[in-house]
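Asker: Got a sequence here, can you build the structure:
(chains A and B)
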Amino acid sequence: MSLILYNTLTRAKEPFTPADPARVTMYVCGPTVYNYAHIGNARPAVVFDVLFRLLSARYPKVIYARNFTDVDDKINAAAKAQNVPIKTITDKFKAIYQADTGALGVMPPTLEPCATDHIPQMIAMIETLLKGGYAYEAESHVLFNVPSFPAYGRLSGRDRDDMIAGARVEVAPYKKDPADFVLWKPSTPDLPGWDSPWGRGRPGWHIECSAMIEAHLGATIDIHCGGHDLTFPHHENEIAQGTCAHGGATYARVWMHNGFLTMDKEKMSKSLGNLFTIHELLEKAPGEALRWAILSAHYRQPLEWSDETIAQAKTTLDRAYRALEQVADITAIPNVAPTAVIAALEDDLNTPKAMAEVAAIVKALNQATATADKARLKGQLVAAGNLLGVLQQQPAAWFGAAKDSSGVDAAEVERLIAARLAARKAKDFKEADRIRDMIAALGVTIEDRADGTKWRVTE
RNA sequence: GGCCGAGUGGCAGAGUGGCCAUGCAGCGGAUUGCAAAUCCGUGUACGUCGGUUCGAUUCCGGCCUCGGCCUCCA
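Answerer: Numbering: from 1, shown residues only, chains lettered A, B, ... in the order given. Coordinates of the predicted model:
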């Protein structure tokens, strides 16, 4: 089977063939680290983590880089407000981002380069662009001259007339062309800056990604990913810089863009304020449930986010873990994920379809009576879960975590369960039911099973 | 204004020219002392108006509505 990916550049699904199957390269635009990331920011991290897993299963070596933008006006503002160096801010939120995405089951990328570690590479790339006549210096700025790159606009599907007609930004007087963008800009003494041939300054946002890609992945990469809102201008500018700096070499062969999380149909965003941070959601729900919720829609579609979305994901995972709990003592036959799950993911990361297949395995597992069937299905379920980054915990750990975070007094519950058991043995069902009502009042649901009474926190 | 995307049952959300998504919720049944869990069954659907077709939710066109980008933005 071949892997099919939707390429924004061609607006079509295409079979994916790496330039070098022995070294597959992918890059995802990571966060600007000045604040807590919201759950919408988590979508590319989670979605392209699935892509990373899928590629890693197919190719011997996948190099996945996801950057940190650690120099930026917003970071400067935050540092100034707290009167600390920017590194204090960026170190803190880098760690938080890594911890938060880790809690969502996101595997660490192969590389997580930081912009500030690549200033010399950025300067070198800018010099190359200047030499080639693609950029110019003006009033201590260096700007990329967009008319020097005729293919500009191809990724986002807009021509120059569109861009000029739609321009909502006042054009700086030193720009030769309204569409020109900053590669390097001057810093004032109170702001972070680096010495350069054009004076003390700092890089523009777009050059960061291009320089880090060049440094770690090469002139041409296989897959470049990011949120839909980065298509223009960020990715368009990256293509312009990268292509011109490399003698016309293709910058990225495939471009993938994820859609947004929405609330009441509107984009979740900082400017609208309609957001939940990953950090606060993790206090209310397991990271795995948040991940399941994020993957429950196709990555290019919008996903309507609410407490209900999370609750449904949690309940669905409960069901899967309950099925696994029933076969906890059975050794899974080591197994590859079922063909149907792989086929769904290989069709442009159709995670909802893959999850429907997972649901089918859960049902089959619940129906199964023969041990051999259970072992086989358990292996399928865990292997499928591994591709999606879910169902890798021990069921006891999954349910145990829910108990731990609920604040329920486990000893008290156990005591009541024992009392109820005694009443049931005495056939005093009225008393048994009374005790169960007491247990229910604690927010606990109990299940009488062949192997004893189990309890869990009521949904 | 330009460019782009979307409208599916109570909710989330796949998909397809003719038959089933799936999960959550609901309803009925089995099971259970009663529950819970599980299994079985079940209802509710494809914005609107036309066109193509033996047949369209699925293809084509108009209309309506919503959203995204055009500025930092996942």
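Asker: Surely residue A:42 and residue A:278 touch.
Answerer: Yes: Residue A:42 is in contact with residue A:278 according to CB atoms under 8 Å; the separation is 5.3 Å. Yep, even glycine has a C-beta here, placed from its N, CA and C like the rest.
Asker: who has more neighbours, the two?
Answerer: Neighbour count, other CB atoms under 10 Å: between residue A:42 and residue A:278, residue A:42 has more, with 26 against 23.
Asker: Distance of that one relative to RNA strand B?
Answerer: Computed with CB to the nearest atom of the strand, to the nearest Å, the distance linking residue A:42 and RNA strand B is 8 Å.
Asker: show me what contacts that residue?
Answerer: A:100, A:101, A:104, A:106, A:278, A:290, A:294 (CB atoms under 8 Å, 6 or more residues apart in numbering).
Asker: and the closest residue to the fifth one other than its chain neighbours, what does it touch?
Answerer: Spatial nearest neighbour of residue A:278, chain neighbours left out: residue A:100 (4.1 Å); criterion: CB to CB, 6 or more residues apart in numbering. Shown in contact with residue A:100 (CB under 8 Å, 6+ apart): A:36, A:37, A:42, A:278, A:279, A:282.
Asker: And what about the first one, helix, strand or coil?
Answerer: For residue A:36, the reduced secondary structure class is coil; criterion used: DSSP: H, G, I helix; E, B strand; the rest coil.
Asker: Who does the nearest residue to it once chain neighbours are set aside form a beta bridge with?
Answerer: Nearest residue to residue A:36, sequence neighbours excluded (CB to CB, 6+ apart): residue A:277, at 4.1 Å. Assessed by DSSP bridges, residue A:277 has beta-bridge partners residue A:38.
Asker: Okay, residue A:277 and RNA strand B: tell me how far apart.
Answerer: To RNA strand B, residue A:277 is 11 Å away according to CB to the nearest atom of the strand.
Asker: With residue A:241 instead?
Answerer: Residue A:241 is 14 Å from RNA strand B, by CB to the nearest atom of the strand.
Asker: From what I see, that residue and residue A:125 are in contact.
Answerer: Yes: with contact defined as CB under 8 Å, residue A:241 and residue A:125 form a contacting pair (7.0 Å).
Asker: any residues in contact with both of these two?
Answerer: Residues touching both residue A:241 and residue A:125 (CB under 8 Å, 6+ apart) are A:207, A:210.
Asker: out of the two, which sits in the busier spot?
Answerer: Higher neighbour count among residue A:241 and residue A:125: residue A:241, with 28 against 24, using other CB under 10 Å.
Asker: Which secondary structure state is assigned to that one?
Answerer: Here residue A:241 takes the helix state, with states given by three-state DSSP.
Asker: Enumerate every residue touching it.
Answerer: Residue A:241 makes contacts with A:125, A:129, A:134, A:144, A:183, A:206, A:207, A:210, as judged by CB under 8 Å, 6+ apart.
Asker: Give me the secondary structure label for residue A:101.
Answerer: Under three-state DSSP, residue A:101 falls in the helix class.
Asker: Now do the residue lying closest to residue A:159 once chain neighbours are set aside: how many residues are near it, please.
Answerer: Excluding its sequence neighbours, the residue lying closest to residue A:159 (CB to CB, 6+ apart) is residue A:153, at 5.6 Å. Residue A:153: 21 surrounding residues under other CB under 10 Å.
Asker: From the contact counts, what lies against the helix or strand encompassing residue A:358?
Answerer: Residue A:358 is part of helix A:351-367, with elements assigned from DSSP states H and E. Where contact means 3 or more CB pairs under 8 Å, 6 or more residues apart in numbering; DSSP states H and E, helix A:351-367 is packed against helix A:287-295, helix A:307-326, helix A:339-346, helix A:371-388.
Asker: now check it, is it near RNA strand B?
Answerer: Yes: Helix A:351-367 lies within reach of RNA strand B by CB under 7 Å from any atom of the strand, at A:352, A:353, A:355, A:356, A:359, A:360, A:362, A:363, A:366, A:367.
Asker: and these, which two are the farthest apart?
Answerer: Of all pairs drawn from these, the greatest distance, 22.9 Å, lies between A:352 and A:367 (CB to CB).
Asker: Compare neighbour counts for these two and give me the winner.
Answerer: Between residue A:352 and residue A:367, counted using other CB under 10 Å, residue A:352 has the larger neighbour count: 15 against 10.
Asker: OK, now which residue of chain A is nearest to RNA strand B?
Answerer: Per CB to the nearest atom of the strand, residue A:227 is where chain A lies closest to RNA strand B, at 1.1 Å.
Asker: Pull the number of nearby residues for that residue.
Answerer: Residue A:227: 19 surrounding residues under other CB under 10 Å.
Asker: returning to that earlier point: nearest to residue A:400 among the contacts of residue A:100?
Answerer: Nearest to residue A:400 among the contacts of residue A:100, with distances taken as CB to CB, is residue A:282, at 16.8 Å.
Asker: What is the neighbour count of that closest one?
Answerer: For residue A:282, the neighbour count with other CB under 10 Å is 17.
Asker: can you pull the contacts of it?
Answerer: By CB under 8 Å, 6+ apart, the contact list for residue A:282 reads A:100, A:103, A:290.
Asker: Pull the contacting residues for the last one.
Answerer: Residues near residue A:290 by CB under 8 Å, 6+ apart: A:39, A:42, A:104, A:278, A:281, A:282, A:310, A:313.
Asker: Could you rerun that using 10 Å?
Answerer: With contact set as CB atoms under 10 Å, 6 or more residues apart in numbering, residue A:290 has these partners: A:39, A:42, A:46, A:100, A:103-105, A:276, A:278, A:281-282, A:284, A:305, A:309-310, A:313-314.
Asker: So what does the residue nearest to residue A:159 have for phi and psi?
Answerer: Residue A:153 adopts backbone torsions of phi 100, psi -10, taken as degrees, to the nearest 10.
Asker: Test my guess that it contacts residue A:147.
Answerer: No: Residue A:153 is beyond contact range of residue A:147, at 11.3 Å (criterion: CB atoms under 10 Å).
Asker: Please enumerate the shared neighbours of the two.
Answerer: A:160, A:179.
Asker: Give me the number of neighbouring residues for the nearest residue to residue A:324 once chain neighbours are set aside.
Answerer: Closest residue to residue A:324 apart from its sequence neighbours, by CB to CB, 6+ apart: residue A:395 at 4.8 Å. Close neighbours of residue A:395, defined as other CB under 10 Å, add up to 18.
Asker: Over to residue A:398?
Answerer: Neighbours of residue A:398 under the rule other CB under 10 Å: 21.
Asker: ok but it is inside a strand, no?
Answerer: No: per three-state DSSP, residue A:398 lies outside any strand segment and is helix.
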